[in-house]
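Student: need a 3D model of the following:
(chains A, B and C)
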Amino acid sequence: MTTASTQAAPAEVTALECPSRCPLLLLAGKGLGWLLISGVLSLVASIQVHTPTFLADCPWVTYGRVRAMAETAFVYGWIGNLGLAITLWVLRQLSAEPLRAVRWTLVGAVFWNLAILAGVVGIAAGEATAIPLLQMPGPVQPLLLIAYGAIGVAGVLAWADRRREAMFAAQWYAVAALFLFPWLFSAAQVMLVWAPVRGTLQAVVGGWFAQSLWTLWMAPLGLAGAYYVVPRATGKLLPAYDSASLGFWALLFVGGWTGGRHLIGGPAPAWISTIAIVASVLLLFHYIVVFLNLRVAYGAPGTALKFISFGLSAYVAGGFLDALTSMRGVAEVTQFTFFDAAQHELAVYGGVSALLFGSLYFALPRITGRPWTSAGLIRGHWALTVAGVLLLVLSLGAAGWVQGQGLNDPTVAFAELAARTRPWLLGATAAQALLLLGNLLLTLNFILTAAAGCCAREPAR
Amino acid sequence: MKNGPLLFLGLFAALGFAWAGIVLGANAQLSGLAPYYDSGDSLAYPQGLPGVAARGQLVYRDLECAACHTQQVRRPGFGADTARGWGERQSVARDYIYQPAVQLGDSRIGPDLANLAGRKPTAPDAADLYQLLYTGRGGMPAYAFLFEERPVVGQASDLALPLTGRFRPPAGREIVPSRRAQALVAYLLSLNSAYDYPEAAPAAAPAPAAGERKK
Amino acid sequence: MSAAPQDPRFDPAATSDEAMLAAHEHVLGPQPDERAHYRLRPLILLFVLSGCILFAATYLNRYSGHFNATIYNENLIATSGAAAEAKVDPVAMGKKLFNSPNACFTCHQPTGLGVPGAFPPLAGSEWAQGPEARVVRILLSGLQGPITVEGKAFNAAMPSFGPTGFNWSDEKIADVLTYVRQEWGNKAPAISADSVAAARKDVGERKAWAPDELLQVK
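Tutor: Next up is the predicted model:
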C-alpha cells in the first residue's frame, strides 16, 4: 500500500477528459440547484407548520403542496442528480476507458431535470398524486424513467469496461442503484398511477416503493461514493472488506421488506407490519458492516473524509433509530409525528446527503483539474451543515416526542398540541435556514470552481 | 464478485423477492375483498362514494390534506384513537375498497378523519366544515381560496357562510363556497366507517368474568 | 498521518485506483494463516447476524397472526379453523347494536330506564332477566298489549326484530340480549346464537306476542 502522499499541489491533478467532464458537471450543477430549491421549499413548509397563516392565501403554496414539492426536488432533483454524477464518476474511475455514450447522458440529464421541473410545477398546480415519494403528476413520470435510462447507459458501459474483472464494493452499489431504480419506479407507477390497485393495497405498494427507493436506490447512491472515496483518500484497506459483500446483499434482500413500516396498527393485516419490523432489525447487520468498513474515515484529515465521517455516523444512527421506532411500543408514540420526520432527516439528509457532499468534495477537483476555489466557503458549509443537521434532528425529534405523548392522551386538544410543539418547530425552522445557507455557500463555491476551466459548462441555475 | 450477469440476476432476485412477498402476498389477500353483506338491513358495506364525494376526494388529494391528516383509526389500546372519539373500532382494509385514491396519510398535525361523519356524540355538519375551512383554527390554515366573495344579488344564497367578527364580509357581500369546496365537504361528510365488520369486531377479553372488561 | 493542517480545498489521494483495487482483491483471496486461530471479527459478525435472525424468527412466529388476511391485531393467535377469526366479545357487540341508529336505545334509552308511561325500562326489569325462551321470542316476533314492568303499567308496542320485522341475525339478537341481561345491574345468563336459532325455527313467522301469552312460555 502506498503511504499518504504529501500536500499535492494542484498541478498534480489532471482534469477528467473533456467529453466525460460535461455531463458530470451538468448533473452536479443541476443537483445543487435543486438542493437550493428544495431548501427554500422546506424552509417555507417548516414555517407553515408553526405559523399556518404564512402564505395560506395562495393555493399554489399551500402546506401540503409545498411539502410534496420539497420532497420531489430533494429526492429526484438533488439526490438523483448528484447521486448519478458521483456514480458515473466512480464507475469511470474504476473503468479502463473514458465514459462512452456521453451524448446520451447529456440529453438524459437535460430531460431528467426538465421532467422534475414539470413535476414540481405540476404539484403546485394541483396535479399531484399524493403518493409519498411519487408525487409528480402521472404524465411526467414515464419521462423521468426514459431520461434515467439515457443517463444510466454510460454507467452500465463504464461498468462493462471495468479495469478488473472482480468488482469493488463501490461498483456493486453503483450498479445496484443504476439497475434498481427503473424497475422500482416502473413497478410503482403501474400499480399506483396507471392501473391503481384496490383500497389499502395502494398504501402497501406505496410503502414498499418508498422504503425500496430509500434502501435500494438512495442508500446505494451514497455508499457508492463513500466506498470509493474512503480507501482512496485514506490509503487504508477497508477493515471488514471480507464482510462487505454480505452487507451489500443484506441491504438489497432485506431492504424492500421494510415496506410495511408505516402501516403498524393500520388497516392492513398484521403480518405486513410484523415483517417490516423484522426486516428493520435484520437490516441492522448491513449498518454494522458499513460502519466497520468505513470507520477508517474517522479522524482522517480532509474535507471529503470529514463529511463522509459525519454522513457515516448519521446513516448508521438513522438505521438503528429506524429499527428502534419500528418496535410497536415505540411506534405507538412516534407514529404519525415529527419524530418520523426526524428519523428520516437523519438518515437521508444527515446520512446520504453528507456522504454525497463528501464525494463531491473529493471528485470535483479531479473533474475540473483545479482545487475548490474558496477554503472559507468550505469551512462555512461544513459548520452550517453539522449545526443544521443536529439542530433539525433534535428539534424535530423533541417536537415529535411531545406530539406523540400528547396524541396518546385523549384530554389534550389539538390547539394545545400545536402550542406545545411550537418552540421545537421554531428550532427546526432555524435549522432549515442554516442548512439552506450552508448549501448556498457550497453552490457558490461550485460555480466559482467549475466556471473556470475549458469546456466546463456553467451550471444552469 | 466477478460475474457481471450474476450480479444483475442477484439484483433482480433481491427486488423481486421483496416485491413478490409484500406486494403479491398482500394482493392475494386484499385485492379480492368484497363488501360485507348484512342480512339484517340488506345492505352491503362499505357503500360506494357518491359522485360528488368522489370528486371531493380528488380535491382532498390535490390540496394534499393527507400531509396533516390521517384516515386510519388504530385499535383501542394502541394509542388513544378510540378514546379521542375518532372511531369505535380499528380501521380495516374493507373500509377502503371503494375509494379510488386512498388517503391514509402518515402525519397527525391535525386529527384523524377516517370516521369524521360518524363521530359520536356529534359529527360535524356541512356548516361547521365550511366555517372551519374558511377561517382555519389552531394549526389548520384558512383555505379562503376555496371560497368566493361576491355581491348579494336579491336574496342571500343558501350556501352563504354565516360569519361574524373579523371574517364577516362587508355589507352587501357574501362568502359562498366554490364547487371545489362543496365537493370537498361532501367527501368529508361521506367519511363514515361505523359498520362493524367481523374482522374488526371487538376482541374477547381473556378474563372469563363477563361483568368486567377493559374498555 | 500528516499532522500539518491540510488545504481544505483539495483532498490528495493516498493511493491509486489500481493499488486500491489490487489490495482489496487480495483480501478476498486465500489468506496465509498468520495467526493460527480464528479471527475474531468475522465470528462476532456471525453471532450478530445469527442473533438478528433469531429475533426475526421468534418475532415473526409470535406476531404474524399466521399471515391471516383478517387478523389486524398482532397479539391474537389464530384459533383453530380454516378462517381463524378473532373471538367476538358479545357484550361489546351487543352494546353497539343496542346503540346503533334507530335501534333499542331510541325507546328504552341508552340508560335502559325507558320513558315513564311510554317505554318500559330494561334496567332491573324482570322481563329482561326472565327465562331465555321468553326474551328471545319478544325480539323474534315483537310484543303487543298491556304489560306490567317493575310494577308499572305500559302499553307494549315493541316491533319485531325477527323475520317479520327488522330481520336481525341470530348472532345479533343473541348479542344484544346478552348485553341487556348484564348491563345496568341486571344479572341474567348470556344467550347463545344457537338458542335463538332454535327458537326461530320453533316460532316461525307470527304476529306480535301478547304479554299474557308470553308468560306461558318458560
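Student: in the stretch 51-200 of chain A, which spans are strands?
Tutor: With DSSP state E, counting those that start in this stretch applied, the stretch 51-200 of chain A shows no strands anywhere along its length.
Student: which one is the closest residue to chain B within it nearest to, not counting chain neighbours?
Tutor: Of all residues in the stretch 51-200 of chain A, A:Gly64 sits closest to chain B, with a separation of 2.4 Å (Cβ to the nearest Cβ). Where C-beta positions appear, they are placed from N, C-alpha and C, glycine not excepted. On the basis of Cβ to Cβ, 6 or more residues apart in numbering or on different chains, the spatially nearest residue to A:Gly64 that is not a chain neighbour turns out to be B:Glu64, at 2.4 Å.
Student: before we move on, back to that, next up, the contacts around the residue of the stretch 51-200 of chain A closest to chain B.
Tutor: With contacts defined as Cβ atoms under 8 Å, 6 or more residues apart in numbering or on different chains, A:Gly64 is in contact with B:Leu63, B:Glu64, B:Cys65, B:Ala66, B:Ala67, B:Cys68.
Student: the same query, at a cut-off of 7 Å, please.
Tutor: By Cβ atoms under 7 Å, 6 or more residues apart in numbering or on different chains, the contact list for A:Gly64 reads B:Leu63, B:Glu64, B:Cys65, B:Ala67.
Student: residue ranges with poor pLDDT in the chain?
Tutor: Here I'm looking at chain A. Applying pLDDT under 70 to chain A flags the ranges A:1-12, A:453-461.
Student: I was after chain C.
Tutor: For chain C, residues meeting the criterion pLDDT under 70 lie at C:1-5, C:32-38, C:77-88.
Student: give me the domain ranges for it.
Tutor: Structural domains annotated on chain C: C:17-67, C:90-215, as defined by automatic domain parsing.
Student: chain center to the longest one, what's the gap?
Tutor: It refers to domain C:90-215. 25 Å (Cα atoms, centre = their mean, to the nearest Å).
Student: quick one, strands of chain C?
Tutor: Along chain C, the stretches classed as strands by DSSP state E are C:143-149, C:152-158.
Student: nearest to A:Ala128, of the ones you listed?
Tutor: When the strands of chain C are compared by Cβ to Cβ, strand C:152-158 sits nearest A:Ala128, at 54.7 Å.
Student: distance of A:Val193 relative to chain C?
Tutor: Between A:Val193 and chain C the distance is 26 Å, computed by Cβ to the nearest Cβ, to the nearest Å.
Student: phi, psi for the residue of chain A found nearest chain C please.
Tutor: Using Cβ to the nearest Cβ, the closest approach of chain A to chain C is made by A:Gly235 at 2.8 Å. Dihedral pair for A:Gly235: phi 80, psi 10, per degrees, to the nearest 10.
Student: my read is that it contacts C:Pro12, right?
Tutor: No - in this structure, A:Gly235 is not within contact of C:Pro12 by Cβ atoms under 7 Å, at 9.6 Å.
Student: contact partners of the helix ranked longest in chain B?
Tutor: Using DSSP state H, we find that the single longest helix of chain B is helix B:4-18. Contacts with helix B:4-18, where a contact means Cβ under 7 Å, 6+ apart, come from A:172, A:175-176, A:179-180, A:183-184, A:212, A:216, A:252-253, A:256-257, B:1.
Student: longest helix of the chain?
Tutor: In the absence of a named chain, this looks at chain A. Scanning chain A for the helix with the most residues, using DSSP H, yields helix A:414-451.
Student: nope, chain C
Tutor: With DSSP H setting the assignment, residue counts place helix C:40-63 as the longest helix in chain C.
Student: and that helix, what's buried?
Tutor: When burial is assessed from 16 or more other Cβ atoms under 10 Å in any protein chain shown, helix C:40-63 yields the following buried residues: C:Leu45, C:Leu49, C:Cys52, C:Ala56, C:Tyr59, C:Tyr63.
Student: residues contacting that helix, please?
Tutor: By Cβ under 7 Å, 6+ apart, helix C:40-63 touches A:240, A:242-243, A:270, A:274, A:277-278, A:281-282, A:284-285, A:288, C:74.
Student: quick check, A:Trp112 in contact with A:Ile151.
Tutor: Yes - applying Cβ under 7 Å as the test, A:Trp112 and A:Ile151 come out as touching, 6.4 Å apart.
Student: need the overlap of contacts for the two.
Tutor: Contact with both A:Trp112 and A:Ile151 is made by no residue, according to Cβ under 7 Å, 6+ apart.
Student: next to chain B, which bits of chain C? Give me the list.
Tutor: Residues of chain C lying close to chain B by Cβ under 7 Å from any Cβ of the partner chain are C:69-70, C:72-73, C:76, C:85-89, C:91-93, C:96, C:166-169, C:172, C:182, C:190.
Student: buried residues of the longest helix of chain B, list them for me.
Tutor: B:Gly4, B:Leu7, B:Gly10, B:Leu11, B:Ala14, B:Leu15, B:Ala18.
Student: next, count neighbours for the residue lying closest to A:Leu436 once chain neighbours are set aside.
Tutor: Of all residues beyond its chain neighbours, the one nearest A:Leu436 is A:Gly39 (3.8 Å), with distances taken as Cβ to Cβ, 6+ apart. Here the neighbour count serves as a burial measure; for A:Gly39 (other Cβ atoms under 10 Å in any protein chain shown) it reads 24.
Student: is it fair to say A:Gly39 lies in a helix?
Tutor: Yes - when the secondary structure is assigned by DSSP: H, G, I helix; E, B strand; the rest coil, A:Gly39 falls within a helix.
Student: in this structure it contacts A:Asn439, no?
Tutor: Yes - checked against Cβ under 7 Å, the pair A:Gly39 and A:Asn439 is within contact range at 5.5 Å.
Student: next one: stretch B:126-145, is it in contact with chain A?
Tutor: Yes - legend: contact between stretch B:126-145 and chain A by Cβ under 7 Å from any Cβ is shown at B:Gly136, B:Gly138, B:Gly139, B:Met140, B:Pro141, B:Ala142, B:Ala144, B:Phe145.
Student: A:Arg328: which of those residues is nearest?
Tutor: Taking Cβ to Cβ as the measure, B:Gly139 is the one of the residues of stretch B:126-145 next to chain A closest to A:Arg328, at 27.1 Å.
Student: which residues touch the closest one?
Tutor: B:Gly139 makes contacts with A:Pro52, A:Phe414, A:Ala418, B:Ile109, B:Gly110, as judged by Cβ under 7 Å, 6+ apart.
Student: which regions of chain B lie under the pLDDT threshold?
Tutor: For chain B (pLDDT under 70), the answer is B:39-41, B:201-215.
Student: now do the strands in it.
Tutor: Counting by DSSP E, the strands of chain B are B:36-38, B:43-45, B:147-151, B:173-177.
Student: list the buried residues for the first one?
Tutor: So that's strand B:36-38. By neighbour count, and taking 16+ other Cβ under 10 Å as the criterion, the buried residues in strand B:36-38 are B:Tyr36, B:Asp38.
Student: that one near chain A at all?
Tutor: No - under the criterion of Cβ under 7 Å from any Cβ, chain A is not reached by strand B:36-38; the shortest gap measures 13.4 Å.
Student: which other residues reach that strand?
Tutor: With contacts defined as Cβ under 7 Å, 6+ apart, strand B:36-38 is touched by B:Ala44, B:Tyr45, B:Arg94, B:Tyr197.
Student: could you dump stretch B:70-77 to CSV, C-alpha only?
Tutor: The C-alpha coordinates for stretch B:70-77 follow below in CSV (Å, rounded to 0.1, in the frame of the first residue of the first chain):
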residue,chain,number,x,y,z
THR,B,70,-54.6,10.6,8.6
GLN,B,71,-57.6,8.4,7.8
GLN,B,72,-56.8,5.4,9.8
VAL,B,73,-58.0,4.6,13.3
ARG,B,74,-55.8,2.4,15.4
ARG,B,75,-57.3,-0.2,17.6
PRO,B,76,-58.3,0.5,21.2
GLY,B,77,-55.3,0.1,23.4
